[in-house]
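>>> Here's my sequence, what's the structure:
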Amino acid sequence: MTKSAMSVGAYSLLYNQLSPNIPRLPDEKQLVGEDNWRPFKCEITFAVQSKGLAGYLDGTIARPSKYPDPIYPPTQPTGTPLFSPTPCPEEWEIRDQLIAGAIVSNIIDPVGLGIDETKQFEKRDEQRIHLADTNLRQEKYDPEMTMEEHEKRMRNLLKKVHDLGGMATEVQFRWIIISSMPPGWKQDV
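Numbers count the residues shown, from 1 in each chain. Below is the predicted model:
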């Protein structure tokens, strides 16, 4: 077994033994946009603090430098406590990714908010984004539909924009919905 394979296996074992579960927040507490940023931040901060990992969130536990090649054969790592301010580099990486995962998994639409690690290496198709955005902005309220059906249709069009990598905040979306209404719409409300 190579040194790196042993190291990865040992730290995987440590991860499974020492890794806390960061809770998934209920839907009403997950981040939707800037309107609920403060309560979301409080919920995530409390969740991370309860597991002893606040230093990763606020940056007080700095990323350690990689170890130099050892002179002696490596020993089985023993691990540091979660709240340790001096984790080894592998522990720091695992814990830092745990915090990042806790944040991203508690966001309703990470792509719509511009947080999408999986798409950073994919090429955006600007023409498809433009077409989806144009379809969203040109959609008009049909008086034969209920307002709930119209909103659902608009949200589906917004999801298409986000799925393609386009952006529209919740505030922009509200303006788009208002723009989709007929001139005398206030009388119907």
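>>> What is the subsequent helix or strand relative to the lowest-mean-pLDDT helix or strand in the chain?
Of all the helices and strands that make up the chain, helix 3-18 has the lowest average by mean pLDDT, DSSP states H and E, namely a mean of 46. Following helix 3-18 in sequence order, the next helix or strand is helix 37-50 (DSSP states H and E).
>>> Now residue 146. Its backbone dihedrals?
When read as degrees, to the nearest 10, the backbone of residue 146 gives phi -80, psi 160.
>>> From residue 174, how far off is it?
As judged by C-beta to C-beta, to the nearest Å, residue 146 and residue 174 stand 18 Å apart. From N, CA and C alone the C-beta is placed, and that goes for glycine too.
>>> Equivalent analysis for residue 98, please.
34 Å.
>>> Run through this structure and note the low-pLDDT ranges.
Per-residue confidence of the chain (counting by pLDDT under 70) places the weak regions at 1-19, 67-78, 116-125, 186-189.
>>> now the helices: where do they sit in it?
With DSSP state H as the criterion, the chain has helices at 3-18, 37-50, 54-58, 89-104, 126-138, 147-163, 170-180.
>>> so which of those helices gets nearest residue 83?
helix 54-58 (7.7 Å; C-beta to C-beta).
>>> State the distance from the residue nearest the centre of the chain to residue 143.
Centrality entry for the chain: nearest residue to the mean C-alpha point is residue 104, 2.0 Å, by C-alpha atoms, centre = their mean. Counting by C-beta to C-beta, the gap from residue 104 to residue 143 is 40 Å.
>>> same check, this time on residue 128
Applying C-beta to C-beta to residue 128 and residue 143 gives a distance of 30 Å.
>>> With residue 31 instead?
Using C-beta to C-beta, residue 31 is found at 35 Å from residue 143.
>>> who's more crowded, the two?
residue 31 (23 against 9; other C-beta atoms under 10 Å).
>>> List the residues that contact that one.
37, 40, 106-108, 113 (C-beta atoms under 8 Å, 6 or more residues apart in numbering).
>>> Make a markdown table out of these and add distance to residue 135.
As requested, those are exported to a markdown table (distance: C-beta to C-beta, whole Å):
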| residue | distance to residue 135 |
| --- | --- |
| 37 | 29 |
| 40 | 30 |
| 106 | 30 |
| 107 | 25 |
| 108 | 22 |
| 113 | 21 |
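>>> For those, I'd like a selection string for PyMOL - just the buried members, please.
This is how PyMOL selects the buried members of these, with burial counted by 16 or more other C-beta atoms under 10 Å:
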select buried, resi 40+106+107+113
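>>> nearest to residue 25, of the contacts of residue 31?
Residue 25 lies nearest to residue 106 out of the contacts of residue 31, by C-beta to C-beta, at 4.7 Å.
>>> check contacts around residue 37.
So, once contact is read as C-beta under 8 Å, 6+ apart, residue 37 ends up touching residue 31.
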